[in-house]
Structure formats: C-alpha cells, structure tokens
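Participant: Fold the stuff below for me.
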Amino acid sequence: MEKTIKAGKKSYKLTNKVKWMQVYKNEFGRDIMPMLVPVANAFLELAVSVMKATGGKALDMSKAGEVLKDIDIADIQSSMYSLAGLEFTDLLAITWSMAKTMDEETTDFDTWVDEFVDDFFPVDEIAPAIVTMNAKALMSTKNFSRFQKAVGILKPKTTSTSTES
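Facilitator: Alright, predicted model coming up:
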C-alpha cells in the first residue's frame, strides 16, 4: 500500500512495505516494534470505546461531546497511557523511514525534517494513516478487516489531504 501525505506545500509518498522497519532500525539503532505495538493498541482501545458509545456507528464530530460523555474515562486514560511513551520525533522518524523506503533518494533524516514548510506536520492526519497502513502489513486479512471497521468509526466526516494508491 502506498499513501501520499501532504505537509504544508509538500507531498510525501509513504509505503507500508515491511522494509521500512529495517530502514528505521539502520538509521536510529533500535527496533520499532516495542514502540509500534502500544500505539496500535491505543488506537484499538479507543476505537472499541467509541464503538461501545456509538453502538457501532461512525462518529459524527458535531456530536462528539455527547459521545465522549458516554465513554468510560478509564478507557480513555488507558489509551493515553499507551501513547505516553511516543514522542513527536518518533512519529517523524517513522514517517521518514516509510518515505525513505518508498524513495531511496529521500534526503537524510535531519535534512528531511528541515524541509517542512513553516514547521507544519499534521499529526492528526499522519498518525492514523501510519497506524492503518502498518496494520494492513502486519495483520491477517480477517483481523485487518476488524481493525479497519473499528478505525472507520473513529474517522470524522471531513475531507482528507491524503490519497491512497
């Protein structure tokens, strides 16, 4: 799977080929799985909480306040604790590794980060895209289908700046 994300005025192509994990390890000297599993788990926990609160329907952002009051605060806290170890630079490093795997000509990490115009990096769009792309690469078809349904419930009804191919 390939996905194009837009950050400011630039577009970046990412791939979910498992090779990106080796690129990450070679560049940053550590395996990504100890970081990636808690992030995926947090998304799933949050999706399950939203599914319970909405009765399995898509989240209408205009009614998000009503839904949030029906979600058990312990579920939200659990999801947030799972994300506590993730740093912004980790998200940048994951995104760079996926871009580098897609295009070997991608600049080194520090130069790539400097390329962002006006320091614009839409985490709210990029993080879910990365989790979804990697879930597809690392899960069985059956479990990915379940994951996709759960994540679909979390997607707000808005337009996105990313495209899939």
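
Participant: ok now the helix or strand where Thr4 lies, how far from the chain's centre?
Facilitator: In this structure, Thr4 sits in strand 2-7 according to DSSP states H and E. Remark: strand 2-7 is offset 12 Å from the chain centroid, using Cα atoms, centre = their mean, to the nearest Å.

Participant: mind exporting the next helix or strand after that strand as PDB, just the C-alpha atoms?
Facilitator: Per DSSP H and E, the first helix or strand lying C-terminal to strand 2-7 is strand 10-15. Extracted in PDB, the C-alpha atoms of strand 10-15 (Å, rounded to 0.1, in the frame of the first residue of the first chain):
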ATOM      1  CA  LYS A  10       4.900  19.400   0.000                       C
ATOM      2  CA  SER A  11       3.700  15.900  -0.600                       C
ATOM      3  CA  TYR A  12       5.400  12.800   0.600                       C
ATOM      4  CA  LYS A  13       4.800   9.300  -0.600                       C
ATOM      5  CA  LEU A  14       4.900   6.500   2.000                       C
ATOM      6  CA  THR A  15       4.800   2.800   1.800                       C
END
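
Participant: Strand 10-15 relative to strand 2-7, how many degrees between them?
Facilitator: Computed by axes from the mean of the first three to the mean of the last three Cα atoms, to 10 degrees, the angle separating strand 10-15 from strand 2-7 equals 150 degrees.

Participant: Tell me which residues of strand 10-15 come out buried.
Facilitator: 12-15 (16 or more other Cβ atoms under 10 Å). Quick note: C-beta positions are derived from backbone N, CA and C, even for glycine.

Participant: Tell me who's in contact with the closest residue to Phe121 other than its chain neighbours.
Facilitator: Nearest-residue entry for Phe121: Ala7, 5.3 Å, with adjacent residues in sequence omitted and distances by Cβ to Cβ, 6 or more residues apart in numbering. By Cβ atoms under 8 Å, 6 or more residues apart in numbering, the residues touching Ala7 are 116-117, 120-122, 126.

Participant: Okay, now the unreliable bits of the protein?
Facilitator: 56-65, 67-68, 75-85, 117-119, 146-165 (pLDDT under 70).

Participant: Show me which helix runs longest in it.
Facilitator: Looking across the chain with DSSP state H, the single longest helix is helix 33-54.

Participant: Who are the packing partners of that one?
Facilitator: Contacts defined by 3 or more Cβ pairs under 8 Å, 6 or more residues apart in numbering; DSSP states H and E place helix 33-54 against helix 64-70, helix 73-83, helix 123-138, helix 141-154.

Participant: Adding distance to Ala40, write the buried residues of strand 10-15 out as JSON lines.
Facilitator: Below are these laid out as JSON lines (distance: Cβ to Cβ, whole Å):
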{"residue": "Tyr12", "distance to Ala40": "22"}
{"residue": "Lys13", "distance to Ala40": "22"}
{"residue": "Leu14", "distance to Ala40": "17"}
{"residue": "Thr15", "distance to Ala40": "18"}
